[in-house]
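*Asks:* here you go, sequence then predicted model.
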Amino acid sequence: MLDFSATYTDQYQLAMSQVYFKKGQKDHTAIFDYYFRKLPYNGGYAIFAGLQDLLKIIENLKFNDKDLEYLKKQDFDDDFLQYLKDFKFHGNIYSVQEGDVVFPTRPILQVEANIIEAQIIETILLNLLNFQTLIATKASRIKLVSGERTLLDFGLRRAQGPGGYYATRAAIIGGFNGTSNVIAGRDFNIPVSGTMAHSFIQSYDDEITAFRDFAEGRPKDCVLLVDTYDTLKSGVPNAITVAKEMEDRGEKLMAIRLDSGDLAYLSKQSRKMLDEAGLDYVKIAASNQLEENVIKSLLEQGARIDVFGVGTNLVIGSPDAALDGVYKLAYSNGKPRIKISESIVKVTLPHKKQVYRLRDTEGNCVGGDLVALFEEDNIKNMIHPFEPYKQMKVDGLEKEALLKPVMENGKNKLEKKSLQEIAEYSKNRLAELSIEYKRFNNPHIYKVGISEALKAERDKLIASFKN
Ligand SMILES: Nc1ncnc2c1ncn2[C@@H]1O[C@H](COP(=O)(O)OP(=O)(O)OP(=O)(O)O)[C@@H](O)[C@H]1O
Ligand SMILES: O=P(O)(O)OC[C@H]1O[C@H](OP(=O)(O)OP(=O)(O)O)[C@H](O)[C@@H]1O
Ligand SMILES: O=C(O)c1cccnc1
């Protein structure tokens, strides 16, 4: 894992914290909600990712000597710096499980801690969760159109700097099978694989010698890049020759890779040539600015591609640059808190809350999540948070509580899961959603509503400030 200190934060967190400290408010308990307002890619769902990393980092977050020296130069006071010297997160965190499908405007995670600790972790929390959730969602869309074909992440070189490290992790949660990213493979136990670059072939005087040497060097997982000079006239015929030579040595060429031109046409022609040479086991990989719409189109055209290598568009979350996840105060110093806005969608929900996934008596998702006060019971109705005439009866429905304690008094309580287990969980949760929520154009809108009691609390607070 990358090394983080508690200065991985925005200056205003420290400025506010010094005031809380000086004014005797440092032990006031605060509750913050993490949620986003708009689904990325105009899609029908998002995949929550980044939780495991976040908790590991928060558990060990502290200000080291270098941080404190620097903050002293930034005009923070000695007594506050002394407090920061012993900083540790002691709070509670309640969260949806990593990999679950999540929807706008309802809490995905809640932090309950003293106000300084809750404030200092805000930036790293948003930084990690927004990015991984965006990329896991992108990966999941690519997976939806690719079926059982193999998906490899090739994005590290095109990522937003070191963000590529976590993009790879998120891609696996969203359904990718492996990566070219060696450090992410090492740290997250992800299968690492790769092919060859154009430079390797260019560095030889002829393509076939390059192929021969590579096959000799990597006999077990040899993939030959066939488009450097002419895919069908040179690359594929030379790959076939080398594959036959490998057979003579008792080896098997694993795949060829197409990286330019009309990938549908070239894959069909290459498949035919390989099959006619008796090489039906040699797979075809493709890359070049792939994303879910291109892959969908390629498959509709009958492309014979077994492996998609996806780089840029996956790791930068194209075309959306960011998830708009926010961290909003819901409760502090014994009182519910609200942020009022001209735009009703930006009004926050006060109090500690619980979120329930609604299911019928057979356990099937009915397409709705309910947000209620934490201790509420016997909830009969769900109301649209901003359009109160939209209501739904929920009293006959099963309610699965989604926010589970994952950190208690600063201790990470998250059940240990491998990335593959998180990905499997994500796959199963996504499978519970019907296809209408997964289509790319005008997907069905998943219902998110609030209980009558929560609405009453919110409206009471709005009225008190309006007066
Ligand atoms: N049959 C196809 N249907 C839809 N999209 C395709 C098809 N074949 C390739 N593409 C996509 O079209 C884009 C073509 O990119 P580009 O214009 O750079 O062409 P290119 O063949 O890669 O050129 P270059 O040789 O410069 O790399 C890529 O995103 C690629 O994935
Ligand atoms: O298109 P992306 O989805 O981002 O996939 C990654 C791309 O990165 C490599 O190209 P690059 O030109 O960097 O190196 P190369 O010379 O090895 O092809 C690879 O050949 C892919 O085309
Ligand atoms: O292994 C590959 O083929 C690869 C790795 C990174 C980027 N593009 C391709």
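*Replies:* Ah, there it is. Ligands and ions are numbered 1, 2, ... in the order given.

*Asks:* what's the single longest strand in this protein?
*Replies:* When secondary structure is assigned using DSSP state E, the longest strand within the chain turns out to be strand 365-373.

*Asks:* buried residues in whichever helix or strand comes after it, which are they?
*Replies:* Scanning the chain past strand 365-373 towards its C-terminal end, the next helix or strand to appear is strand 381-383 (assignment: DSSP states H and E). Of all the residues in strand 381-383, those buried under the rule 16 or more other Cβ atoms under 10 Å are 382-383. Using the backbone N, CA and C atoms, a C-beta is placed for each residue, glycine as well.

*Asks:* so what strands line up beside the longest strand of the chain?
*Replies:* In the sheet containing strand 365-373, its partner strands are strand 353-359 (antiparallel), strand 447-451 (parallel), by DSSP bridges.

*Asks:* up against ligand 2, what does the stretch 151-300 of the chain have?
*Replies:* By Cβ under 6 Å from any ligand atom, the part of the stretch 151-300 of the chain that sits against ligand 2 consists of 154, 157-158, 197-199, 259, 287-290.

*Asks:* can you add distance to ligand 1 and give those residues back as a markdown table?
*Replies:* Below are these laid out as a markdown table (distance: Cβ to the nearest ligand atom, whole Å):
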| residue | distance to ligand 1 |
| --- | --- |
| 154 | 12 |
| 157 | 15 |
| 158 | 13 |
| 197 | 14 |
| 198 | 10 |
| 199 | 15 |
| 259 | 7 |
| 287 | 8 |
| 288 | 4 |
| 289 | 3 |
| 290 | 5 |
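
*Asks:* make a markdown table from the strands paired with strand 365-373 and add mean pLDDT and mean neighbour count to it.
*Replies:* Formatted as a markdown table, the entries for the strands paired with strand 365-373 read as follows, by pLDDT from 0 to 100; neighbours: other Cβ atoms under 10 Å:
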| stretch | mean pLDDT | mean neighbour count |
| --- | --- | --- |
| strand 353-359 | 98 | 22 |
| strand 447-451 | 97 | 22 |
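
*Asks:* for these, which one sits closest to ligand 2?
*Replies:* Proximity to ligand 2 (Cβ to the nearest ligand atom) singles out strand 447-451 among the strands paired with strand 365-373, at 33.6 Å.

*Asks:* so what touches the closest one?
*Replies:* Taking contacts as Cβ atoms under 8 Å, 6 or more residues apart in numbering, the residues outside strand 447-451 that touch it are 103-106, 349, 367-373, 376, 379, 381-385, 390-392, 458.

*Asks:* among those residues, which ones lie close to ligand 1?
*Replies:* By Cβ under 6 Å from any ligand atom, no member of the contacts of strand 447-451 lies near ligand 1.

*Asks:* and those, which are buried?
*Replies:* With neighbours counted using 16+ other Cβ under 10 Å, the contacts of strand 447-451 contain these buried positions: 103-106, 349, 367-373, 376, 379, 382-385, 392, 458.

*Asks:* quick check, the residue in the stretch 51-200 of the chain closest to ligand 2?
*Replies:* residue 197 (3.2 Å).

*Asks:* what about that residue, distance to residue 241?
*Replies:* Noted for residue 197: a distance of 21 Å to residue 241, by Cβ to Cβ, to the nearest Å.

*Asks:* no further queries at this time; thank you.
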